[in-house]
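>>> Sharing a sequence plus its predicted fold:
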Amino acid sequence: MLMDKTSNKLSSIVVIAHNLRSAHNVGSLFRTCEGLAVDRLILSGYTPYPRLAKDSRLPHIVEKLDKQIAKTALKTEDNIKWSHVDELETIVDELKAEGYNIVGLEQSTLSIKVMDYKLQDKQAIIIGNEPLGLDDQAIALCDQLVEIPMLGKKESFNVVQATAMLLFYLRFV
């Protein structure tokens with residue numbers, strides 16, 4: 001739960017990582033979310049995820065991904081509530097029914113700068129594929145899009161770096 005500085009009210013934040021490719025990014029995302037008090041991390045689509053109790057994946061795949069995630073997560077996967085879902089639409093519908101504002105972290109002509117985003121009581125942040133960002137289907141599920149301004153020559157930050165900046169902003173600014 002994050003504190004809204006203007007009203008001293010706690011705000012719930014859920015992060016949805018949709019179709020990330022890198023297990024190391026997923027591990028880093030666990031650390032980032034745990035360190036910035038995210039209530040829940042949802043890994044959707046083909047995003048790699050740690051071992052589950054009743055895992056249906058092939059054992060050698062589970063072992064490989066679990067090891068890669070653990071390398072950068074440093075046990076934070078044990079400290080944060082997380083889950084895996086196949087379908088993004090299903091979890092977004094559930095979160096909307098629970099009163100969450102769905103925010104996509106994406107550079108777009110429709111996005112606002114993170115500094116202009118107003119903290120909500122409940123927000124779910126969708127982050128997307130490393131080189132491609134959010135696809136049109138994911139964008140259509142969002143109530144709002146936000147982006148991190150770029151001041152250098154590169155066009156984007158790493159997905160976990162951008163998520164960390166957004167979460168830090170929501171937590172401390």
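Now that the structure is in, tell me what you want to look at.
>>> longest single strand anywhere in this structure?
As assigned by DSSP state E, the longest strand anywhere in the chain is strand 9-18.
>>> The next helix or strand along the chain from it vs strand 9-18, what angle?
Proceeding N to C from strand 9-18, the next assigned helix or strand is helix 23-35, under DSSP states H and E. Put simply, helix 23-35 runs at 170 degrees to strand 9-18, going by axes from the mean of the first three to the mean of the last three C-alpha atoms, to 10 degrees.
>>> Identify each buried residue in helix 23-35, please.
Of the residues in helix 23-35, 23, 24, 25, 26, 27, 28, 29, 30, 31, 32, 33, 34 count as buried by neighbour count, 16 or more other C-beta atoms under 10 Å. Any C-beta I mention is one placed from the backbone N, CA and C, and that applies to glycine too.
>>> can you check stretch 135-154 too?
Neighbour counts over stretch 135-154 (16+ other C-beta under 10 Å) mark 138, 139, 141, 142, 145, 146, 147, 148 as buried.
>>> circling back to that earlier point, tell me which other helices or strands the longest strand of the chain touches.
Packing contacts for strand 9-18, counted by 3 or more C-beta pairs under 8 Å, 6 or more residues apart in numbering; DSSP states H and E, involve strand 2-4, helix 23-35, strand 40-44, helix 88-97, strand 122-127, helix 159-172.
>>> Tell me the gap between the last one and the middle of its chain.
Pointing back at helix 159-172 there. 10 Å (C-alpha atoms, centre = their mean, to the nearest Å).
>>> Put the alpha carbons of that helix into PDB.
What follows is helix 159-172, C-alpha atoms only, in PDB (Å, rounded to 0.1, in the frame of the first residue of the first chain):
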ATOM      1  CA  VAL A 159      11.000  -1.900 -19.000                       C
ATOM      2  CA  VAL A 160      12.000  -2.400 -15.400                       C
ATOM      3  CA  GLN A 161      13.800   0.900 -15.100                       C
ATOM      4  CA  ALA A 162      10.700   2.700 -16.500                       C
ATOM      5  CA  THR A 163       8.500   0.800 -14.100                       C
ATOM      6  CA  ALA A 164      10.800   1.700 -11.200                       C
ATOM      7  CA  MET A 165      10.600   5.400 -12.100                       C
ATOM      8  CA  LEU A 166       6.800   5.300 -12.300                       C
ATOM      9  CA  LEU A 167       6.500   3.400  -9.000                       C
ATOM     10  CA  PHE A 168       9.000   5.800  -7.300                       C
ATOM     11  CA  TYR A 169       7.000   8.800  -8.500                       C
ATOM     12  CA  LEU A 170       3.800   7.300  -7.200                       C
ATOM     13  CA  ARG A 171       5.500   6.400  -3.900                       C
ATOM     14  CA  PHE A 172       7.400   9.600  -3.100                       C
END
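>>> lowest average confidence, helix or strand, in this structure?
Of all the helices and strands that make up the chain, strand 2-4 has the lowest average by mean pLDDT, DSSP states H and E, namely a mean of 46.
>>> Cool, thanks, signing off.
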